[in-house]
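A.B. asks: Sequence and predicted structure are below.
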Amino acid sequence: MNPTKCYCDFDSPLGRLCLQGDGDVLTGLYMPNHGGWQGPDAESRQSDASFAAAREQLCEYFAGTRRQFDLPIRLEGTPFQQRVWQQLLAIPFGKTITYGQLARQIGNPNASRAVGLANSRNPISIIVPCHRVIGSNGTLTGYAGGLHIKQWLIEQERQTDGTHLLVDHR
């Protein structure tokens with residue numbers, strides 16, 4: 001039996017977000033005008049109750065009182081994408097790294113572009129913090145929700161953390 005697909009819309013400082021899942025785990029978090037996203041699947045049902053914990057934790061994050069999410073998630077993608085997305089979860093709150101650094105961390109130092117592509121396909125934005133990955137020269141590059149949202153998320157974390165925008169040069 002297939003799990004029930006469900007979604008809910010959620011108003012945030014970034015605009016209306018869409019949360020998707022199966023009633024037990026979160027499988028998607030999409031922003032307004034999210035590049036490549038067409039909206040909830042036709043067979044999905046609207047369910048606010050399924051996403052109460054996610055909405056609560058996102059509200060805390062946006063208020064600056066949450067630095068880490070504690071939600072059941074399922075990331076569906078290729079093995080390479082899975083490695084990239086798991087490494088995103090290890091980037092500390094308030095820090096940024098480059099695509100090249102991320103490629104080295106997953107053991108493939110020549111895969112910066114492939115890492116960027118996998119990063120852009122992250123289905124659970126914010127919670128899996130793809131916004132913390134920046135260009136090699138420290139500039140903001142590529143973000144499915146738009147560069148203005150990436151900048152907002154980085155600045156929000158910087159202000160919450162009390163530090164300046166940092167590039168982790170590991």
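C.D. replies: Perfect, thanks for sending it. Just so it is clear, the structure is predicted and the values come from calculations on it, not from any experiment.
A.B. asks: Can you report how many residues lie near the nearest residue to residue 147 once chain neighbours are set aside?
C.D. replies: Using CB to CB, 6 or more residues apart in numbering and skipping the chain neighbours, the partner closest in space to residue 147 is residue 140 (5.2 Å). (C-beta placed from N, C-alpha, C; glycine too.) Using other CB atoms under 10 Å, residue 140 has 16 neighbouring residues.
A.B. asks: can you check residue 57 too?
C.D. replies: If you count neighbours by other CB under 10 Å, residue 57 ends up with 18.
A.B. asks: before we move on, what about the one 3 residues further on?
C.D. replies: Counted with other CB under 10 Å, the neighbours of residue 60 add up to 13.
A.B. asks: what's the distance between the residue nearest to the spatial centre of the chain and residue 108?
C.D. replies: The centre of the chain sits closest to residue 125, judged by CA atoms, centre = their mean, with a distance of 2.2 Å. Between residue 125 and residue 108 the computed distance is 23 Å (CB to CB, to the nearest Å).
A.B. asks: in the chain, which segments are predicted with low confidence?
C.D. replies: 1-3, 161-170 (pLDDT under 70).
A.B. asks: How is it divided into domains?
C.D. replies: 6-63, 79-167 (automatic domain parsing).
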